[in-house]
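Colleague: Predicted model and sequence below, questions to follow.
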Amino acid sequence: MEKRSLREYFTFTKRERTGIIVLLALIGLCRCIPLLWEAYAPITVNTDSSFLTEVAAFEQQLKAADTPVQRTFSYNRNRYPQKWDRPANAYQHSFHRDSPYVRKTFTPFPPRSARKPVVVDINTADSSAWEALPGVGPVLAARIVRFRDRLGGFYAITQVAETYGLPDSTFKKIQPSLRADNVSLKKVDINKMDEQSLAQHPYIRYKLARLITRYRSVHGPFSQPEALKNIPLVDDSIYRKLEPYISY
């Protein structure tokens with residue numbers, strides 16, 4: 001096989017050189033045409049007074065509202081004046097003072113101090129009322145209502161903090177908005193309810209329910225709530241939590 005010198009790969013025939021020159025000329029021409037058009041094309045200015053009046057009125061409305069839209073509107077008009085050199089009817093619908101797309105008034109959010117504080121009654125509020133509190137979403141709201149129903153009602157605001165999954169930081173944030181005005185507790189009859197029913201109460205659960213029924217079968221019905229302290233699992237703190245819910 002005949003070897004070709006390196007120089008042959010970097011040489012062009014007369015025909016190839018002519019084609020390269022024509023291609024470069026076309027590229028330069030395509031690049032210069034837009035520049036020449038921008039430099040010498042006439043710019044027409046719309047002098048329709050009705051259009052300018054509507055634009056001025058629209059700017060005054062935005063200026064009165066004192067919103068970021070007004071600054072963007074003025075900036076774009078000064079930077080791109082050719083966009084405003086269109087017939088007036090092109091903007092008639094958007095900038096007409098009676099158009100529904102033009103906001104005539106601007107009502108800002110009231111200051112935080114002027115807003116009506118949210119107050120939630122811990123025993124009567126439903127899930128939507130709990131969701132109005134900061135940091136409480138649909139899941140937490142449903143858990144609070146479910147925990148309240150299983151307890152038989154709250155007798156103290158601090159019981160809300162015992163809800164599963166409720167962070168301490170969230171409870172401290174919502175605590176000033178909580179009220180306990182309607183306290184009506186559902187009682188647990190420790191002499192008549194069976195083990196399964198007693199275990200449904202969050203403060204009793206299954207182990208203590210079994211001990212209560214065994215104590216009742218050996219010693220007879222409870223004559224007073226303080227008799228629960230005779231059960232090994234019931235100390236003073238547990239008894240204070242259970243006492244408002246006990247009947248006999």
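Modeller: Done, it's in. Numbers count the residues shown, from 1 in each chain.
Colleague: Spit out the contact partners of the residue lying closest to residue 200 once chain neighbours are set aside.
Modeller: Distances taken as C-beta to C-beta, 6 or more residues apart in numbering place residue 150 nearest to residue 200, at 6.7 Å, with adjacent residues excluded. Glycine gets a C-beta too; all of them are placed from N, C-alpha and C. Taking C-beta atoms under 8 Å, 6 or more residues apart in numbering as the criterion, residue 150 is in contact with 200-202.
Colleague: Name the member of those with the most neighbours.
Modeller: residue 201 (19 neighbours; other C-beta atoms under 10 Å).
Colleague: Show the pLDDT at it.
Modeller: pLDDT for residue 201: 93.
Colleague: Please apply the same query to residue 23.
Modeller: Note on residue 23: pLDDT of 87.
Colleague: Please enumerate the helices of the protein.
Modeller: With helices called from DSSP state H, the chain shows them at 14-40, 49-65, 68-79, 92-95, 127-131, 138-151, 168-174, 195-198, 205-219, 236-242.
Colleague: can you tell which of these is closest to residue 117?
Modeller: When the helices of the chain are compared by C-beta to C-beta, helix 168-174 sits nearest residue 117, at 11.5 Å.
Colleague: Show me the shaky parts of the chain.
Modeller: Residues of the chain meeting the criterion pLDDT under 70: 1-10, 40-52, 54-55, 58, 61-116.
Colleague: Could you rerun that using 50?
Modeller: 1, 43-45, 69-77, 79-97, 99-107, 113-114 (pLDDT under 50).
Colleague: quick check: domain ranges of it?
Modeller: Annotated domains of the chain cover 49-95, 120-179, 188-247 [automatic domain parsing].
Colleague: In this model residue 159 seems to touch residue 171, though I could be wrong.
Modeller: No: using C-beta atoms under 8 Å, residue 171 is not in contact with residue 159, being 10.5 Å away.
Colleague: one step back: could you provide the helices of the chain in a markdown table, with additional columns for distance to residue 228?
Modeller: Below are these laid out as a markdown table (distance: least, C-beta to C-beta, whole Å):
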| stretch | distance to residue 228 |
| --- | --- |
| helix 14-40 | 92 |
| helix 49-65 | 67 |
| helix 68-79 | 65 |
| helix 92-95 | 76 |
| helix 127-131 | 32 |
| helix 138-151 | 17 |
| helix 168-174 | 29 |
| helix 195-198 | 12 |
| helix 205-219 | 7 |
| helix 236-242 | 6 |
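Colleague: For residue 181, which of the ones you listed is the nearest?
Modeller: Nearest of the helices of the chain (C-beta to C-beta): helix 127-131, 13.4 Å.
Colleague: The domains of the chain into CSV, with extra columns for distance to residue 11?
Modeller: CSV is the format used below for the domains of the chain (distance: least, C-beta to C-beta, whole Å):
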stretch, distance to residue 11
domain 49-95, 50
domain 120-179, 76
domain 188-247, 94
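Colleague: Now do the same contact list for the residue lying closest to residue 164 once chain neighbours are set aside.
Modeller: Leaving aside its sequence neighbours, residue 164 sits nearest to residue 143 (C-beta to C-beta, 6+ apart; 6.0 Å). By C-beta under 8 Å, 6+ apart, the contact list for residue 143 reads 163-166.
Colleague: Output the residues you listed as a markdown table; include the columns distance to residue 178.
Modeller: Putting the contacts of residue 143 into a markdown table (distance: C-beta to C-beta, whole Å) gives the following:
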| residue | distance to residue 178 |
| --- | --- |
| 163 | 12 |
| 164 | 18 |
| 165 | 17 |
| 166 | 12 |
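Colleague: Filter the residues you listed down to the buried ones.
Modeller: Neighbour-count burial (16 or more other C-beta atoms under 10 Å) applied to those gives 163, 166.
Colleague: Go through the contacts of residue 143 and say which is closest to residue 138.
Modeller: residue 165 (12.4 Å).
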